[in-house]
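Participant: fold the stuff below for me.
(2 chains)
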Amino acid sequence: MIAVLKHELSNYFHSFTAYVFGAFLLVFVGIGAMLYNIQSAVSNFEYVLNFVSLVLAIIVPILTMRVIAEERKQKTDQLLYSLPITTSQVVIGKFAALLVVYLIPLLLICIYPYVFSQYGDVYLLTSYGSILAFFVMGAALMAVGMFISSLTENQGFAAGIGVSVILLNYYSVSLAEYVSSTAMGSLIALGVLAMLLGIVIIHLTHNENLGWGISLVLVLTMCVTYHFDSTKFEGLLPDIMTKLSLFERFNTFVYGVFDLSAITYFITVIVFFLFLTVQSLEKRRYN
Amino acid sequence: MISVEHLTKCYGDFMAVNDLSFEIAEGHVYGFLGPNGAGKSTTMNIMTGCLSATEGHVKINGHDIFEEPEKAKKLIGYLPEQPPLYMNETPLEYLKFVGEAKGLCGQELKTEIKQVIEQTKLEGVQNRLISKLSKGYKQRVGIAQALLGNPKVIILDEPTVGLDPIQIIEIRDLIKELGKSHTVIFSSHILSEVQAICEKILIINKGRLVAFDEPQNLEKLMAGANEIVFVTEAAAEEVGEILNQMEDLTDWTTDTGENAITTVHVQTPHDDIHSVCRKLFFAFAAREKAILEMTAKKVSLEEVFIELTESEVEKE
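Facilitator: Here you go, the predicted structure:
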């Protein structure tokens, strides 16, 4: 694992990736700090992070697109499979390297609230609390990006899908206001999602019975529940969309609340997607 | 050292490897031979843990590759068909990563890297980017990677494909050299190459093992295939009379050419082909018919290969 971590880090710092990522993050945080903290003289550094969080939708996929797709393209994944290290060690090593690359600019950013506090009242606790939350949320987005990278050998494709998935997550709260909140609407939408899940499972496992079976069970369960108690479905879809949004959870920190359940949610997302990445790599051995 | 038991691999309906079993002893060079698509690479990928098997076991020194992958993989160095190289690194950086992943560190890592670089003659290019190296050098970096950690078994998948003749000779010499201290298994579809380096040959076709023996024994496998061609002044009928009285011949054909000279093709299952030549000579001499030319043709590995792989097709 350490070998993979060292190797990945040397890779990031030998190429432009780590520098471009860090520079973009610092530039946008700089612009944010100038607009909010200096020009408008607001003492809350959290607002800057809220402003910058959208930038993550672009720079995280750019950082994560090559992580696994590149290995597949260069056929170096075969080397990783033949080395005496497990797939989990490879995935965790790679993820740790991503975290280091992300942590370096964030450490620089940690100086900002302290500097501002020299010239006025800054709530340092909420500032650092939200920087921590910003780090964990970014890490969750990176885990998602890494999983997407493991699905393809085309880096551009991985980046494109990554950007759209993160943007969809970003806007899901705003979209939630426009989707149907009636019970029937939620039922239909969730039914479609269950079918999509089935298709994804078929794609991953090449097992049609399993994929359609799971979809069918989900759809039937929903129909039965709807039949007995349709009120459960009222407003369910917008509710789920809001709940799933990583960015919405981050906003709690911006409003000055250190929400442990949100941190737990971010960590769950990280673990879940790292697990999926390991499975996606393992699956290549079983195709 | 390596035991492969009832290995089967299916890709959907296609059976790439079909109930393959063999044992490989320590310290020889083994050639893995088969036509394209015979399942050579698939078998090697399974033996090295890069691919799962649908059924069957692979054990390296008693460690199952699927159940104790880390212990088993430590005993293997593998060079896949396409060397798995990071193009934006130098051979030195690349070998350092592979060495660390194989659990080497500190002084041990340095000495091992130095040693494999010397063995594969990479000294001159160790600080150049791999992407800028020629194909031969890339192949050597791939082999160097497989040698790191001093594994007992080295598995090379078509190591000489796409190299120029001088590079091919160098790689073959390297394989021979490695065979002295390691068990080397390498696949190829170039027969002369396998014949030149290997002590034992496995031939597979359509995912099945069709032969596993020393090159000399494989040649013997083809009973009745040794052939003697001679030209005599005797007429075809007389040749028939003489040959009818002789033992050890399975079949012959005669062909009368100009000036009443007969060309005869004789098949014999006898191992010592020269003793048959001798008998023929004296049989004709006794009748005062001169043999003008005589050639003994031993069956080549090439013919064994074609015979074995094609008879397999006929069975189906």
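
Participant: look at residue B:295 and tell me its secondary structure.
Facilitator: Look at residue B:295: counting by DSSP: H, G, I helix; E, B strand; the rest coil, its state is strand.

Participant: could you find the closest non-adjacent residue to it?
Facilitator: residue B:229 (4.9 Å; CB to CB, 6 or more residues apart in numbering or on different chains). Yep, even glycine has a C-beta here, placed from its N, CA and C like the rest.

Participant: try residue A:26
Facilitator: residue A:105 (5.3 Å).

Participant: is it true that that neighbour touches residue A:25?
Facilitator: Yes: the pair residue A:105 and residue A:25 passes the contact test of CB atoms under 8 Å, sitting 4.6 Å apart.

Participant: who touches stretch A:135-147?
Facilitator: The contact list for stretch A:135-147 (CB atoms under 8 Å, 6 or more residues apart in numbering or on different chains) reads A:53, A:56-57, A:60-61, A:63-65, A:67-68, A:91, A:94-95, A:98-99, A:102-103, A:106, A:158, A:162, A:165-166, A:246-247, A:249-250, A:263, A:266-267, A:269-270, A:272-274, A:276-277, A:280.

Participant: and the residue nearest to residue A:26, how far from residue A:49?
Facilitator: 12 Å (CB to CB, to the nearest Å).

Participant: overlap of the contact sets of the two?
Facilitator: Residues touching both residue A:105 and residue A:49 by CB under 8 Å, 6+ apart: residue A:29.

Participant: the two: who's more crowded?
Facilitator: Summary of the neighbour comparison: residue A:105 and residue A:49, criterion other CB atoms under 10 Å in any protein chain shown, with residue A:49 having more neighbours (23 against 19).

Participant: that one belongs to a helix, doesn't it?
Facilitator: Yes: the assignment for residue A:49, made by three-state DSSP, places it in a helix.

Participant: circling back to that earlier point, quick one: buried ones out of the contacts of stretch A:135-147?
Facilitator: With burial judged by 16 or more other CB atoms under 10 Å in any protein chain shown, the buried subset of those is A:53, A:56-57, A:60-61, A:63-65, A:67-68, A:91, A:94-95, A:98-99, A:102, A:106, A:158, A:162, A:165-166, A:246-247, A:249-250, A:263, A:266, A:269-270, A:273-274, A:276-277, A:280.

Participant: tell me the phi and psi of the residue lying closest to residue B:40 once chain neighbours are set aside?
Facilitator: In this structure, residue B:40 finds its nearest non-sequential neighbour in residue B:187, 4.4 Å apart by CB to CB, 6+ apart. As for residue B:187, its main-chain torsions (degrees, to the nearest 10) stand at phi -100, psi 150.

Participant: next to chain B, which bits of chain A? Give me the list.
Facilitator: Among all residues of chain A, those adjacent to chain B (criterion: CB under 8 Å from any CB of the partner chain) are A:2-4, A:6-7, A:10-11, A:14-15, A:74-79, A:81-86, A:206, A:285-287.

Participant: mind checking which of those land in helices?
Facilitator: Per DSSP state H, helices hold the following members of those: A:2-4, A:6-7, A:10-11, A:14, A:74, A:77-79, A:81-82, A:285-286.

Participant: now these: which count as buried?
Facilitator: Neighbour-count burial (16+ other CB under 10 Å) applied to those gives A:3, A:4, A:6, A:7, A:11, A:74, A:77, A:78, A:79, A:81, A:82, A:285.

Participant: wait, doesn't the first one sit right on residue B:97?
Facilitator: So that's residue A:3. Yes: taking contact to mean CB under 8 Å, the distance of 6.1 Å between residue A:3 and residue B:97 places them in contact.

Participant: all strands for chain B, in order.
Facilitator: Taking DSSP state E, the strands of chain B run over residues B:2-11, B:14-24, B:29-33, B:55-60, B:63-64, B:76-79, B:153-157, B:183-188, B:200-205, B:208-213, B:226-232, B:251-256, B:262-268, B:291-297.

Participant: mind putting those strands into CSV with mean neighbour count and mean pLDDT?
Facilitator: As requested, these are exported to CSV (neighbours: other CB atoms under 10 Å in any protein chain shown; pLDDT from 0 to 100):
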stretch, mean neighbour count, mean pLDDT
strand B:2-11, 17, 88
strand B:14-24, 17, 88
strand B:29-33, 25, 88
strand B:55-60, 18, 90
strand B:63-64, 15, 90
strand B:76-79, 27, 92
strand B:153-157, 24, 92
strand B:183-188, 25, 89
strand B:200-205, 23, 86
strand B:208-213, 18, 84
strand B:226-232, 19, 85
strand B:251-256, 14, 84
strand B:262-268, 20, 86
strand B:291-297, 13, 85
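
Participant: got a markdown table for those, with distance to residue A:33 too?
Facilitator: Putting the strands of chain B into a markdown table (distance: least, CB to CB, whole Å) gives the following:
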| stretch | distance to residue A:33 |
| --- | --- |
| strand B:2-11 | 56 |
| strand B:14-24 | 59 |
| strand B:29-33 | 63 |
| strand B:55-60 | 58 |
| strand B:63-64 | 57 |
| strand B:76-79 | 52 |
| strand B:153-157 | 55 |
| strand B:183-188 | 61 |
| strand B:200-205 | 67 |
| strand B:208-213 | 70 |
| strand B:226-232 | 89 |
| strand B:251-256 | 95 |
| strand B:262-268 | 92 |
| strand B:291-297 | 88 |
